[in-house]
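**Student:** with the sequence up front, the predicted model follows.
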Protein chains: 2
Amino acid sequence: MTVLTNNNDALGNQLLAALPSRDFGRIQPYLEPVSLDLGVVLYESGDPLEFVYFPTTAIVSLLYIMENGATAEIGVVGNDGILGIAIFMGGGTTPNRAIIQSAGKAFRMSVINLKAEFGIGGKFHDLLLRYTQAFITQISQTAVCNRLHSVEQQLCRWLLLSHDRLNSDKLVMTHDLISNMLGVRREGITLAAQKLGGKGLILNLRGTITVIDRHGLESAACECYKVVNDEYQRLLGKSIAKNNGL
Amino acid sequence: MTVLTNNNDALGNQLLAALPSRDFGRIQPYLEPVSLDLGVVLYESGDPLEFVYFPTTAIVSLLYIMENGATAEIGVVGNDGILGIAIFMGGGTTPNRAIIQSAGKAFRMSVINLKAEFGIGGKFHDLLLRYTQAFITQISQTAVCNRLHSVEQQLCRWLLLSHDRLNSDKLVMTHDLISNMLGVRREGITLAAQKLGGKGLILNLRGTITVIDRHGLESAACECYKVVNDEYQRLLGKSIAKNNGL
DNA sequence: TAACTTTTGTGCGCTAGCGCACAACGTTGT
DNA sequence: ACAACGTTGTGCGCTAGCGCACAAAAGTTA
């Protein structure tokens, strides 16, 4: 079942990379590399999970889908973390959809193996819980941001979140996609993106947004971004942000 | 240190009540009853926690406070749960303020004792994690609700959350307080409360809101309330909602 | 090249919620 | 009974974002 290719790539995931080599060595055989295409649904709301995922280059969004079809993002997971915390938290599923927001690679691990490793306690257990707390902060700040900030500010935050989890300045995504994530109108994104483009922070091309001025983007974003990033740094010992300690 | 009064009151907290009596017996000596007054700040943003709290009749709100002083609620904890999950998750603190939203009683437990009990693993460990997952759902749904729903709908959700955690239909709280929680204008709450009053769902009196038609309130709320409640039921084996299995 | 699809740009009327100002109550205390 | 204070009610202009309807590009396929 486990693929025998070079699983050292798994160190591209910061959570796995943070493990002591002894713990990582024990887990490594359980990791199976997978390629994830844009738009693929990894988990559907309420479905029992079969695998957890440690993304390396892929980015996954967690969405809630309303009865009327409207969507809003809860949080985003990339090479900084793990998708499927409901497994070790004990619920087995969540009322959210997990969808690939940016195509790329990940390593998956069966629920059985994950539970066994988590059950041992020790570093892996503690690290997963600390990551979960950081993720809680991300969700919390999403709630705050949704309440208090403009679409333009939120777009900055969202672009930064994506940029941090990518090793490129070129984000392949349409305004329509982003609008679904932020739960706003597509036109609202177009307008906000134009403003950011006018300020020279990003470059809008059909289907892609290129980050030009990372620092400018951070300034244009609300404090929410920084709060989350600082918390990741505090809890996981490293900043997710580019040019900022990574 | 531990007060010797009747700690069986602690069973008023559903998390403690859900423990097997053997586990509860071990924990009971560590529980210290406290009275919590309206407006008291239990945790300040970023402060290392010294105690976790198991509310029985008190209700605690978790808030984020923006640099400009604006506030928004992340989630609410009452007799359904525990305040201070950052302790067993490993972070020791969060960037939030915890403030008493409704005066009442709680049992507190020192961080050292909590960590020790959590470290044993077993039922207590698992229950705390399952509760945390339920709480994550609450935060997530707050984010969604903040994005997509009207103040009136959110007020319904919020009143229901409070009502569930209280053994009275009379909620002692001002419109101003609620507006801080929901992160909206006080006038917006006044207006929404008037509408709900006009529909006969609640009764507005100076400083108090009385729930008249619980079912009507649920209908007037968005689906967010039900999603969270269902998830509490699934994960913790009981509904928090009144007239609904409790 | 031509037809088609996807993505982005633009305009327009509408509404919810904001910020501000101030009036009208209830309570509490003296 | 009166003053003082906290709470709620009301009005008004303003703005961000919505919903809708198309037009204009930019790619894609035939």
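**Tutor:** Okay, I see it.
**Student:** list the beta-bridge partners for the residue nearest the centre of chain A.
**Tutor:** By Cα atoms, centre = their mean, chain A has its centre lying nearest to residue A:77, at 1.8 Å. Beta-bridge partners of residue A:77, counted by DSSP bridges, are residue A:60.
**Student:** what's the pLDDT at it?
**Tutor:** Here the pLDDT value assigned to residue A:77 is 98.
**Student:** can you check residue A:9 too?
**Tutor:** Reported pLDDT for residue A:9: 88.
**Student:** measure it to residue A:79 for me?
**Tutor:** Distance of residue A:9 to residue A:79, computed by Cβ to Cβ, to the nearest Å: 11 Å. C-beta here means a position set from N, CA and C on the backbone, and glycine is covered the same way.
**Student:** can you pull the residues that touch both of these two?
**Tutor:** Here residue A:9 and residue A:79 have residue A:56 as joint contacts, going by Cβ atoms under 8 Å, 6 or more residues apart in numbering or on different chains.
**Student:** could you report the neighbour count for the closest residue to residue A:190 other than its chain neighbours?
**Tutor:** Leaving aside its chain neighbours, residue A:190 sits nearest to residue A:175 (5.0 Å; criterion: Cβ to Cβ, 6 or more residues apart in numbering or on different chains). Using other Cβ atoms under 10 Å in any protein chain shown, residue A:175 is surrounded by 22 other residues.
**Student:** correct me, but residue A:175 touches residue A:189?
**Tutor:** Yes: when contacts are counted by Cβ atoms under 8 Å, residue A:175 is listed as touching residue A:189 (4.2 Å).
**Student:** relative to its centroid, which residue of chain A is most remote?
**Tutor:** Distance to the chain centre peaks in chain A at residue A:198, reaching 27.6 Å (criterion: Cα atoms, centre = their mean).
**Student:** show the pLDDT at that one.
**Tutor:** pLDDT, read off for residue A:198, is 96.
**Student:** so what's the backbone phi/psi at it?
**Tutor:** Here is the backbone geometry of residue A:198 (degrees, to the nearest 10): phi -60, psi -30.
**Student:** can you tell me the closest non-neighbouring residue to residue A:164?
**Tutor:** Closest to residue A:164 by Cβ to Cβ, 6+ apart is residue A:240, at 4.5 Å.
**Student:** in a strand, the one you found, correct?
**Tutor:** No: secondary structure of residue A:240 (DSSP: H, G, I helix; E, B strand; the rest coil): coil, not part of a strand.
**Student:** now for it: which residues touch it?
**Tutor:** A:14, A:80, A:164, A:165, A:229, A:232, A:233, A:246.
**Student:** hmm, back to that, how far away is the residue nearest to residue A:190 from chain B?
**Tutor:** Distance of residue A:175 to chain B, computed by Cβ to the nearest Cβ, to the nearest Å: 17 Å.
**Student:** again, but for residue A:9
**Tutor:** 27 Å.
**Student:** contacts only, for that residue.
**Tutor:** Per Cβ under 8 Å, 6+ apart, neighbours of residue A:9: A:33, A:56, A:105, A:107.
**Student:** closest to DNA strand D out of the residues you listed?
**Tutor:** residue A:105 (22.7 Å; Cβ to the nearest atom of the strand).
**Student:** quick check: which element contains the closest one?
**Tutor:** For residue A:105, the host element (DSSP states H and E) is strand A:104-110.
**Student:** ok, that strand: who's next to it in the sheet?
**Tutor:** Short version: by DSSP bridges, strand A:104-110 pairs with strand A:32-36 (antiparallel), strand A:51-55 (antiparallel).
**Student:** helix or strand right after that strand?
**Tutor:** helix A:111-120.
**Student:** does stretch A:151-162 come close to chain B?
**Tutor:** No: remark: stretch A:151-162 sits outside contact range of chain B, by Cβ under 8 Å from any Cβ of the partner chain, the gap being at least 9.5 Å.
**Student:** now check that stretch, is it near DNA strand D?
**Tutor:** Yes: shown here: stretch A:151-162 in contact with DNA strand D (Cβ under 7 Å from any atom of the strand) through A:151, A:152.
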